[in-house]
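S.K.: Mind folding the following:
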Amino acid sequence: MKCCRPCDGGGDDESDSRCHPAFNLCCRPCNRQGDDGDSDSRLPALTFSKSCLKQFAIDNLLLLLTLVGVLIGFIIGFSLQDRQLSPDVLMWIGMPGEVFLRGLKLSILPLVISCVTTAVATLDIRVNGKMGMMVFAYIWSVLFISCMTGLTLVAIMQPGASYDRNSTFTPTRYETQDVFADLLRNIIPDNIVMACIHSTHTEYKLRDVTELVNGSNVTTEVIDKKYTVIDGPTNLLGVVIFCIMFGLAMSVEKEASKTMLGFLQSLRTIIFKVLTSFMWTLPLGTASLISVALLRVGDVSSVWTTLGMFSAAIIIGECIHMFITLPLIHFIVCRKILYKVYWGYTDAILIAMITKSSAATLPTLIQNLEQNSYVHRSVNSFVLPLCATFNRDGSVMFIMASSLYLAQASALQLTAGQIVVMAILAMVIAFSLPSVPSASIVAIVQVCTTTNVPIEAIGLLIAMEWLLDAIRTGINCVSHGVCSATMHFRMMRELEKLGKLDKKPKDEEDGVVKLQDGDIELTVENEKEKEARA
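M.R.: Model prediction:
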């Protein structure tokens with residue numbers, strides 16, 4: 001039993017190094033004598049003194065400044081919405097946010113390469129295989145549950161019944177079979193240097209065909225030719241697969257790869273140091289990104305009126321997934337309460353919602369989970385890049401709900417077979433979403449085209465992308481952290497057997513022994529203290 005008091009940095013027993021990471025409470029073994037002469041194991045009531053609040057503000061200064069940036073961004077966005085600003089003015093308002101995003105993306109590649117390779121190289125092949133299977137089992141489980149949640153909510157709330165048919169939008173053409181073809185091409189890139197720059201996807205050359213239908217000419221677009229191009233964003237999938245294979249080879253040839261392992265570990269440390277300094281620009285980037293997103297939407301009130309029920313269904317579904325589904329999965333697997341883990345990577349969740357990119361959030365997420373939630377470095381470095389590449393449970397709910405919304409807007413009665421096919425396609429496409437513009441919209445088009453659902457109302461969904469995209473990306477980030485925390489608790493025994501958890505006492509003071517657990521510090525009572533109390 002430990003007695004906890006607010007951290008104030010003073011006192012005779014300086015126990016600030018044992019502060020609770022979430023509430024900044026200094027804890028030490030209870031050895032006060034009660035009225036009956038026995039030790040009093042009751043914890044005192046927590047008091048929020050000025051020193052406690054000051055320490056909380058210091059420890060969470062970046063988070064508080066980011067929340068201020070969010071508020072400023074909304075104020076600027078709503079106050080300038082009626083000014084009809086020119087594209088040049090919008091560009092300069094959004095410039096700090098653009099620079100912030102570019103800085104985050106700059107660190108993605110070296111961080112993924114160093115983290116994935118070192119994680120795989122320092123673990124046993126058997127442990128890598130077991131952890132990999134558990135990660136993919138988790139990913140497909142949450143994809144299925146999220147998909148079913150979106151289906152159920154849209155079926156109950158019927159948001160498509162109030163559709164206003166005044167919106168037009170021409171989505172990017174993409175066929176379902178090409179999703180799988182591009183997935184295989186990107187898994188094994190033919191040039192690893194090019195994979196660090198661009199990814200491969202299919203493009204089409206279209207031609208117009210005019211046909212006589214019911215006495216009138218109807219012009220339709222058909223595919224004249226297909227060809228693969230290498231452009232767009234980094235092929236993160238191919239890079240991750242290459243790093244896994246590279247790390248497996250290093251784990252077999254441990255002696256010959258010591259120099260390479262040391263280099264990659266140093267690279268990882270340096271990148272984190274750079275990111276720690278760069279993250280102080282987050283409040284400015286937050287205000288810029290939110291304000292320019294609101295200014296580009298136009299009339300937010302009219303958009304919300306049209307899509308209110310649909311947006312409500314998505315938001316409710318994502319909240320159910322975050323606060324019920326994911327904690328329940330973690331409790332079933334680990335028998336532990338998850339909510340306190342969320343606090344440890346709040347910064348990463350905010351960055352995910354602001355940048356709308358799971359990959360851009362990866363550096364902060366790794367750092368938060370290691371330092372605040374005490375997830376082991378080897379587990380973190382292996383699990384999170386895989387989740388950032390494959391796990392999009394927040395997005396699959398949006399894809400499934402949007403497809404059903406379009407069917408309702410067209411007054412189309414779907415059969416059970418169509419709904420099953422729609423759900424399977426939504427999960428597979430979310431797992432292997434191609435790197436093309438408007439990726440989620442393209443995924444919706446693929447699902448609707450396969451199940452013969454009209455897509456003329458799809459343009460309306462673009463109007464709420466600024467909000468729904470932020471929410472589902474935040475949920476994706478939450479799920480990645482849950483996966484890493486879950487794998488950490490499941491893999492503790494294997495890591496202990498491999499000697500990853502060094503249990504040699506490294507410090508002893510005030511009747512407390514601190515044990516080193518990789519990046520985790522465990523605090524236990526000294527045996528002598530127990531004997532003295534007995």
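
S.K.: Spell out which helix or strand contains the residue nearest to the spatial centre of the chain, please.
M.R.: In the chain, the C-alpha closest to the average C-alpha coordinate belongs to C477, at a distance of 1.6 Å (CA atoms, centre = their mean). Under the criterion of DSSP states H and E, C477 resides in helix 465-490.

S.K.: quick one: the strands in this structure?
M.R.: Along the chain, counting by DSSP state E, strands occupy 2-6, 25-29, 199-213, 216-231, 505-509, 512-517, 520-525.

S.K.: So V135 sits against T389, correct?
M.R.: No - V135 lies out of contact with T389 (CB atoms under 8 Å); the separation is 10.7 Å. Backbone N, C-alpha and C define where each C-beta goes, glycine included.

S.K.: Okay, now the unreliable bits of the stretch 51-200 of the chain?
M.R.: 162-176 (pLDDT under 70).

S.K.: what are the ranges of the helices in it?
M.R.: For the stretch 51-200 of the chain, the helices defined by DSSP state H, counting those that start in this stretch cover 61-79, 87-93, 95-121, 125-157, 176-187, 192-195.

S.K.: hey, which of those is tucked in deepest?
M.R.: Stretch with highest mean neighbour count among those: helix 95-121 (a mean of 20; mean count of other CB atoms under 10 Å).

S.K.: most distant residue from the middle of the chain?
M.R.: G215 (53.5 Å).

S.K.: So that one versus M134, what's the distance?
M.R.: Computed as CB to CB, to the nearest Å, the G215 to M134 distance reads 62 Å.

S.K.: Check I290 too.
M.R.: 37 Å.

S.K.: Please report how far G150 lies from S479.
M.R.: For G150, the distance to S479 equals 14 Å [CB to CB].

S.K.: typed the wrong thing, it's S410
M.R.: Plainly put, S410 is 32 Å away from S479 if you go by CB to CB.

S.K.: out of those two, which sits in the busier spot?
M.R.: Each of S410 and S479 has its neighbours counted (other CB atoms under 10 Å); S479 has more, 26 against 17.

S.K.: where does that one land on pLDDT?
M.R.: Among the per-residue scores, S479 shows a pLDDT of 93.

S.K.: That one and I315, how far apart?
M.R.: To I315, S479 is 16 Å away according to CB to CB.

S.K.: Quick check: chain neighbours aside, which residue is closest to I93?
M.R.: Ranked by CB to CB, 6 or more residues apart in numbering and with sequence neighbours excluded, the top spatial neighbour of I93 is V292, at 5.0 Å.

S.K.: and the gap between that neighbour and T286?
M.R.: 11 Å.

S.K.: anything in contact with each of the two?
M.R.: When contacts are counted by CB atoms under 8 Å, 6 or more residues apart in numbering, V292 and T286 are jointly contacted by G97.

S.K.: Tell me how many other residues crowd K254.
M.R.: Counted with other CB under 10 Å, the neighbours of K254 add up to 11.

S.K.: And it, what's its pLDDT?
M.R.: Looking at K254, its pLDDT reads 84.

S.K.: gap between P363 and F272?
M.R.: Applying CB to CB, the value for P363 to F272 is 7 Å.

S.K.: who's more crowded, the two?
M.R.: Under the neighbour definition other CB under 10 Å, P363 and F272 were set side by side, and P363 has more, 26 against 19.

S.K.: thinking the more buried one is in contact with L111, fair?
M.R.: Yes - judged on CB under 8 Å, P363 makes contact with L111 at a distance of 5.2 Å.

S.K.: joint contacts of those two?
M.R.: Residues touching both P363 and L111 (CB under 8 Å, 6+ apart) are 271, 275.

S.K.: mind showing which ranges of the stretch 351-500 of the chain have poor pLDDT?
M.R.: Scanning the stretch 351-500 of the chain for pLDDT under 70 picks out 432-439, 441-442, 450, 456-457, 459-460, 462-463, 497-500.

S.K.: Now do the helices in it.
M.R.: Under DSSP H, counting those that start in this stretch, the stretch 351-500 of the chain gives helices at 358-371, 377-390, 393-409, 416-431, 439-450, 459-462, 465-490, 492-497.

S.K.: got the contact list for the first one?
M.R.: With contact meaning CB under 8 Å, 6+ apart, helix 358-371 is reached by 101, 104-105, 107-108, 111-112, 115, 236, 271-272, 275-276, 279, 344-348, 351-352, 355, 375, 377, 380-381, 384-385, 387-388, 392, 473, 476-477, 480-481, 484-485, 519.

S.K.: Just the buried ones among the residues you listed, please.
M.R.: For these, a burial check counting by 16 or more other CB atoms under 10 Å picks out 101, 104, 107-108, 111-112, 115, 236, 271-272, 275, 279, 344-348, 351-352, 355, 375, 377, 380-381, 384-385, 387-388, 392, 473, 476-477, 480-481, 484-485.

S.K.: Against Y405, how distant is M309?
M.R.: From M309 to Y405 the distance is 9 Å (CB to CB).

S.K.: Also V447?
M.R.: 12 Å.

S.K.: who's more crowded, these two?
M.R.: Taking neighbours as other CB under 10 Å, V447 and Y405 compare with Y405 leading, 30 against 27.

S.K.: That one reaches A312, doesn't it?
M.R.: No - assessed by CB under 8 Å, Y405 is found out of contact with A312, at 11.9 Å.

S.K.: any residues in contact with both of these two?
M.R.: The contact sets of Y405 and A312 overlap at P159 (CB under 8 Å, 6+ apart).

S.K.: For R207, grab the count of nearby residues.
M.R.: By other CB under 10 Å, the residues close to R207 number 10.

S.K.: For beta bridges, what are the partners of it?
M.R.: For R207, the beta-bridge partners are V222 (DSSP bridges).

S.K.: wouldn't it be in contact with V222 here?
M.R.: Yes - with contacts counted by CB under 8 Å, R207 reaches V222, the gap being 6.3 Å.

S.K.: which residues do these two both contact?
M.R.: Between them, R207 and V222 share no contacting residue, judged by CB under 8 Å, 6+ apart.

S.K.: Using PDB, list the CA coordinates for stretch 132-147.
M.R.: The C-alpha coordinates for stretch 132-147 follow below in PDB (Å, rounded to 0.1, in the frame of the first residue of the first chain):
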ATOM      1  CA  GLY A 132       2.400 -10.100 -35.200                       C
ATOM      2  CA  MET A 133      -0.400 -12.600 -35.200                       C
ATOM      3  CA  MET A 134      -1.900 -11.000 -32.100                       C
ATOM      4  CA  VAL A 135      -1.700  -7.500 -33.700                       C
ATOM      5  CA  PHE A 136      -3.500  -8.600 -36.900                       C
ATOM      6  CA  ALA A 137      -6.100 -10.500 -34.900                       C
ATOM      7  CA  TYR A 138      -6.700  -7.300 -32.900                       C
ATOM      8  CA  ILE A 139      -6.900  -5.200 -36.100                       C
ATOM      9  CA  TRP A 140      -9.500  -7.400 -37.800                       C
ATOM     10  CA  SER A 141     -11.500  -7.700 -34.600                       C
ATOM     11  CA  VAL A 142     -11.800  -3.900 -34.200                       C
ATOM     12  CA  LEU A 143     -12.500  -3.400 -37.900                       C
ATOM     13  CA  PHE A 144     -15.400  -5.900 -37.700                       C
ATOM     14  CA  ILE A 145     -16.900  -4.400 -34.500                       C
ATOM     15  CA  SER A 146     -16.500  -0.800 -35.800                       C
ATOM     16  CA  CYS A 147     -18.200  -1.800 -39.100                       C
END
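
S.K.: picking up where we left off before, distance-wise, check the residue nearest to the centre of the chain relative to D393.
M.R.: The gap separating C477 from D393 is 11 Å, by CB to CB.

S.K.: Tell me the gap between stretch 402-417 and the middle of its chain.
M.R.: Here stretch 402-417 is found 29 Å from its chain centre; the criterion is CA atoms, centre = their mean, to the nearest Å.

S.K.: Thank you, goodbye.
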